[in-house]
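Asker: could you look at this predicted model? Sequence included:
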Amino acid sequence: MSRRRAVTLASIVLAMWGLKRHYADAGVEELRWILWPTAQIVAAATGTPFEMEPGAGYLSREHLFLIEKSCAGINFMIAALGLTGLVLARERGDGRRDLGNLGRGLALSYAAAVVVNSIRILVAIRLASADLAGGWWTAARIHRLEGITVYFVGLLLLDRVVRRLAAPRTAEAVS
């Protein structure tokens with residue numbers, strides 16, 4: 001591994017750690033950068049408003065659903081940044097491209113986190129209204145399984161997108 005590639009990967013790991021530290025220490029107000037767009041997408045898809053409740057998150061009174069700190073999707077964003085960073089770091093290039101890959105990785109992981117997390121919340125709202133819980137299948141277990149499934153599929157799809165973006169362009173592909 002080249003020194004430049006090692007620096008790029010170390011920068012990605014540092015960015016992942018920084019996101020985790022920010023998330024650990026942040027309140028809902030400090031997470032508006034990811035909660036607000038998620039709440040806007042979910043509100044548009046459901047046709048019901050999500051209003052900011054200070055110290056709590058974005059609340060839909062109609063659905064009795066709160067998009068709170070634990071719903072921010074930061075852990076997904078961290079995993080997505082690791083994925084995009086590893087795929088993009090395989091590209092050959094100069095130092096500027098490596099720095100650009102970090103920026104692209106951050107942008108892609110943020111966009112993916114907002115979109116996938118919005119989908120996860122929309123599915124969670126549907127499942128909550130379906131009242132599927134019973135016996136061993138508690139509402140919390142259903143919610144956890146749904147989150148794992150949506151996030152896993154989201155990472156698989158993101159991997160496909162990033163690999164396409166990182167694929168070397170051939171003369172045939174360009175023309």
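Answerer: Happy to help now that I have it. Bear in mind the structure is a predicted one, so any value in this text is a computation, not a measurement.

Asker: tell me where the chain has strands.
Answerer: Counting by DSSP state E, the segments of the chain that form strands are 51-53, 57-60, 65-67.

Asker: show me the contact partners of the first one.
Answerer: Spelled out, it's strand 51-53. Contacts of strand 51-53 with the rest of the structure, by C-beta atoms under 8 Å, 6 or more residues apart in numbering, involve 32, 36, 39, 58-61, 66. Placement of C-beta: from N, CA and C, glycine included.

Asker: make CSV out of those residues and add distance to residue 137 and neighbour count.
Answerer: CSV is the format used below for the contacts of strand 51-53 (distance: C-beta to C-beta, whole Å; neighbours: other C-beta atoms under 10 Å):
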residue, distance to residue 137, neighbour count
32, 34, 16
36, 33, 15
39, 28, 23
58, 27, 24
59, 26, 18
60, 24, 19
61, 27, 11
66, 22, 16
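
Asker: residue 116: which of those residues is nearest?
Answerer: Residue 116 lies nearest to residue 39 out of the contacts of strand 51-53, by C-beta to C-beta, at 14.8 Å.

Asker: enumerate every residue touching the closest one.
Answerer: Taking C-beta under 8 Å, 6+ apart as the contact definition, residue 39 lies against 50, 52, 58, 67.

Asker: if we can go back for a sec, need the max-distance pair from the contacts of strand 51-53.
Answerer: So, the contacts of strand 51-53 by C-beta to C-beta: farthest apart are 32 and 61, at 19.6 Å.

Asker: tell me the centre residue of the protein?
Answerer: The residue lying closest to the centre of the chain (C-alpha atoms, centre = their mean) is residue 113, at 1.8 Å.

Asker: state the pLDDT value of the closest residue to that residue other than its chain neighbours.
Answerer: The shortest distance from residue 113 to any non-neighbouring residue, by C-beta to C-beta, 6 or more residues apart in numbering, is to residue 77 (3.7 Å). pLDDT, residue 77: 97.
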